[in-house]
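Colleague: Give the three-dimensional model of this entry:
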Amino acid sequence: MAVGIQRIESVLYNVEDLGECVRFFEDLGLTLAERDDERAVFETLAGQTLRLAVPVDPDLPPALEPGPGIREVVWGVDTPAELDAIVARVAADREVRLSGDGVHHTADETGFGLGLTLARPDKTGRRTPSAANTWGNVSRWNSPLTSVGRVRPLRMCHVALNIPKTGRDEAVAFYVDRLGFVPTDIVKPMGVFMRCEGDADQHNFLLCHRPDRASTNHVSFEVPGFDDVVEGGNHMIAEGWREARRLGRHTVGSSRWTGRRWTAATPTPGRPFHWHPPCCCRPSCHRCSTPSA
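Modeller: Below is the predicted model:
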């Protein structure tokens with residue numbers, strides 16, 4: 001396995017209506033691990049955390065957008081030595097603060113909160129998706145499909161942040177040169193998709209300059225199979241959440257997704273959604289450059 005950043009470790013949202021946000025992420029399938037009057041912590045099956053807070057830690061960088069939004073993304077690194085090396089590169093021109101939970105806190109070029117810590121062990125229990133039959137290629141005999149049951153996301157697989165067009169090259173270079181991210185799809189009018197060194201997904205991170213402002217775009221949650229995408233989306237609709245985007249698919253990334261948006265009060269910005277399956281890239285895979293969106 002490549003050394004360096006392995007995965008998203010935690011995402012922190014600043015929220016206004018904690019109760020509605022908790023309801024949304026429970027309906028999405030995350031496990032509520034902690035909650036009090038001001039904060040809630042959810043876990044994925046892989047052991048990552050999604051944190052919601054009404055009053056956010058004042059030591060974090062100032063908010064970049066009014067109202068709710070992503071305030072910090074924490075990335076998990078594989079070894080203490082590699083963590084120290086990355087922190088040293090980041091600290092060359094900015095303050096880095098170490099908190100009691102072992103997270104090194106700073107800000108990226110845009111001003112989003114950035115954390116670095118040791119990656120927790122991946123405790124995901126794997127599940128084989130249902131076999132699919134097509135004309136001339138039958139793999140399931142005498143076995144009807146059954147419901148997948150309650151859909152539970154395996155992990156947070158990518159985060160997307162909006163950034164201003166001015167300074168976009170410097171914003172991308174920070175993640176590439178300091179943190180070791182690899183650009184995998186450069187969509188010139190829109191943004192740059194990147195993957196971290198320790199993951200084979202086509203991308204784990206997107207810096208999107210098309211909106212020309214710093215704000216939250218989305219977080220995606222991987223599920224085991226396409227049936228989970230469908231049934232998870234149906235469950236969200238049954239619970240009263242409104243669909244923001246139709247079922248779709250990335251071209252280079254080849255993943256299917258469902259986008260789900262809430263009605264009435266907005267609990268979190270962006271469009272969290274179920275996601276399956278990721279396209280995987282070998283380290284030798286060359287970056288793609290797309291001239292138009």
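
Colleague: pLDDT of the host helix or strand of S220, averaged?
Modeller: S220 belongs to strand 215-222 when assigned by DSSP states H and E. The average pLDDT for strand 215-222 rounds to 88.

Colleague: in stretch 13-23, what's buried?
Modeller: For stretch 13-23, burial by neighbour count (16 or more other C-beta atoms under 10 Å) applies to Y13, N14, V15, D17, L18, C21, V22, R23. (Each C-beta comes from the backbone N, C-alpha and C, glycine too.)

Colleague: Please read the previous query as pertaining to stretch 57-66.
Modeller: L60, P61, A63, L64.

Colleague: The stretch 1-150 of the chain: helices as residue ranges?
Modeller: Taking DSSP state H, counting those that start in this stretch to define them, one finds helices in the stretch 1-150 of the chain at 18-28, 80-90.

Colleague: among those helices, which is the most enclosed?
Modeller: helix 18-28 (a mean of 18; mean count of other C-beta atoms under 10 Å).

Colleague: What is the least confident helix or strand in the protein?
Modeller: The weakest-scoring helix or strand in the chain, judged by mean pLDDT, DSSP states H and E, is strand 256-261 (a mean of 44).

Colleague: and stretch 179-189, how far apart are its ends?
Modeller: End-to-end span of stretch 179-189 (C-alpha to C-alpha, to the nearest Å): 24 Å.

Colleague: Ok, stretch 136-146 next?
Modeller: Note: stretch 136-146 ends 23 Å apart using C-alpha to C-alpha.

Colleague: mind checking how far it is from the chain centre?
Modeller: With C-alpha atoms, centre = their mean, to the nearest Å as the basis, stretch 136-146 stands 33 Å off its chain's centre.

Colleague: do the same with stretch 52-62
Modeller: 19 Å.

Colleague: what comes up buried for the longest helix anywhere in the chain?
Modeller: Ranked by residue count and defined by DSSP state H, the top helix of the chain is helix 226-238. By 16+ other C-beta under 10 Å, the buried positions in helix 226-238 come out as F226, D227, D228, V229, V230, E231, G232, G233, H235, M236.

Colleague: export stretch 27-41 as PDB, just CAs?
Modeller: Output of stretch 27-41 as PDB, limited to C-alpha atoms (Å, rounded to 0.1, in the frame of the first residue of the first chain):
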ATOM      1  CA  ASP A  27     -32.300   8.200   7.300                       C
ATOM      2  CA  LEU A  28     -29.200   8.200   5.100                       C
ATOM      3  CA  GLY A  29     -28.100   5.100   7.100                       C
ATOM      4  CA  LEU A  30     -25.200   6.400   9.300                       C
ATOM      5  CA  THR A  31     -24.900   5.200  12.900                       C
ATOM      6  CA  LEU A  32     -25.400   7.800  15.600                       C
ATOM      7  CA  ALA A  33     -22.500   7.300  18.000                       C
ATOM      8  CA  GLU A  34     -22.800  10.400  20.200                       C
ATOM      9  CA  ARG A  35     -25.300  13.300  20.700                       C
ATOM     10  CA  ASP A  36     -26.000  16.100  23.100                       C
ATOM     11  CA  ASP A  37     -27.800  19.400  22.800                       C
ATOM     12  CA  GLU A  38     -25.100  21.000  20.700                       C
ATOM     13  CA  ARG A  39     -23.200  18.200  18.900                       C
ATOM     14  CA  ALA A  40     -23.700  14.800  17.200                       C
ATOM     15  CA  VAL A  41     -21.200  12.300  15.900                       C
END
